[in-house]
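In: here is a sequence together with a model predicted from it:
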Amino acid sequence: MILMKDIVRDDQEGTVLRDYAAKVSFPLTEEEQQLAKDLMEYLEISQDEELAEKYGLRAGVGLAAPQVNVSKQMAAVLVPSDDEEDDTPIFKDVIINPVIISESVQMGALTEGEGCLSVDRDIAGYVPRHDRITLKYQDVQGETHKVRLKHYPAIVCQHEIDHLHGVLFYDHINKDNPFEAPEGTVFFG
Ligand SMILES: Cc1nc(NNC(=O)[C@H](CC2CCCC2)CN(O)CO)c(F)c(N2CCN3CCOC[C@@H]3C2)n1
Ligand code: NI
């Protein structure tokens with residue numbers, strides 16, 4: 001299983017965190033299948049308060065392969081339900097070779113700003129992202145999916161896809177005015 005010690009940090013030398021990750025070919029190797037499982041398992045365990053405590057995991061709703069120093073276009077996303085009636089996650093999948101094929105002009109941002117398991121410090125400021133996106137990706141079976149996402153899952157997927165391009169959340173924060181956001185930005189979370 002993936003532990004915090006396996007997650008590379010932005011202040012470490014010689015990691016792939018700032019590289020543009022390689023496309024993944026199908027069928028996945030055994031190793032790539034195991035990586036996909038491990039990335040998703042991290043999120044599931046980290047979202048269980050007791051288990052997160054037991055294994056010392058920071059909670060996560062997304063985890064990209066470059067964060068465990070594997071420069072491949074693969075990321076697990078697990079956005080839990082926001083409806084106590086129904087605990088079906090809003091979005092749960094391992095997205096491989098993801099491409100954003102369209103995006104809203106309107107921007108969205110988390111009111112609290114963002115963090116990252118690969119960044120050990122709090123960096124204040126809004127991270128403006130597209131509020132709605134159409135995402136094309138392959139799943140671990142190699143099936144292609146085209147999904148329209150908005151608000152929270154759209155933000156999470158954009159954060160993860162950034163990792164596959166060597167981009168970190170604070171690259172998007174306005175240096176002069178961290179709490180500036182484009183006109184019409186939707187804030188939530
Ligand atoms: C928003 C949020 N970010 C958490 N952490 N950061 C991450 O996931 C980083 C990725 C997210 C940062 C902003 C957008 C994507 C990891 N990243 O670095 C991967 O690239 C959370 F943990 C979290 N939640 C809400 C849901 N809750 C369910 C119950 O369990 C606790 C969990 C906490 N929400
Ligand atoms: Ni991150």
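Out: Done, it's in. Just so it is clear, the structure is predicted and the values come from calculations on it, not from any experiment. Ligands and ions are numbered 1, 2, ... in the order given.
In: then the longest helix belonging to the chain to PDB, C-alphas only?
Out: As assigned by DSSP state H, the longest helix anywhere in the chain is helix 30-46. Extracted as PDB, the C-alpha positions of helix 30-46 are listed here (Å, rounded to 0.1, in the frame of the first residue of the first chain):
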ATOM      1  CA  GLU A  30       0.800  -6.100 -14.200                       C
ATOM      2  CA  GLU A  31       2.800  -3.300 -12.500                       C
ATOM      3  CA  GLU A  32       0.500  -0.600 -14.000                       C
ATOM      4  CA  GLN A  33      -2.600  -2.500 -12.900                       C
ATOM      5  CA  GLN A  34      -1.200  -2.800  -9.400                       C
ATOM      6  CA  LEU A  35      -0.300   1.000  -9.400                       C
ATOM      7  CA  ALA A  36      -3.900   1.900 -10.400                       C
ATOM      8  CA  LYS A  37      -5.200  -0.300  -7.500                       C
ATOM      9  CA  ASP A  38      -2.700   1.200  -5.000                       C
ATOM     10  CA  LEU A  39      -3.600   4.800  -6.000                       C
ATOM     11  CA  MET A  40      -7.300   4.200  -5.500                       C
ATOM     12  CA  GLU A  41      -6.700   2.200  -2.300                       C
ATOM     13  CA  TYR A  42      -4.800   5.200  -0.800                       C
ATOM     14  CA  LEU A  43      -7.800   7.500  -1.300                       C
ATOM     15  CA  GLU A  44     -10.200   5.000   0.100                       C
ATOM     16  CA  ILE A  45      -8.100   4.400   3.300                       C
ATOM     17  CA  SER A  46      -7.300   8.100   3.600                       C
END
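In: buried sites along it?
Out: E32, L35, A36, D38, L39, M40, Y42, L43, I45, S46 (16 or more other CB atoms under 10 Å). From N, CA and C alone the C-beta is placed, and that goes for glycine too.
In: who does the strand or helix carrying A76 pair up with?
Out: A76 belongs to strand 74-79 when assigned by DSSP states H and E. For strand 74-79, the paired strands and their directions (DSSP bridges) read strand 62-64 (antiparallel), strand 91-103 (antiparallel).
In: which bits of this protein sit near ligand 1?
Out: For the chain, the residues in contact with ligand 1 (CB under 6 Å from any ligand atom) are 47, 59-64, 67, 80, 110, 114-118, 155-156, 159-160, 163.
In: now those: which count as buried?
Out: 47, 60-64, 67, 80, 110, 114-118, 155-156, 159-160, 163.
In: centre of the chain to stretch 70-90, how far?
Out: Here stretch 70-90 is found 10 Å from its chain centre; the criterion is CA atoms, centre = their mean, to the nearest Å.
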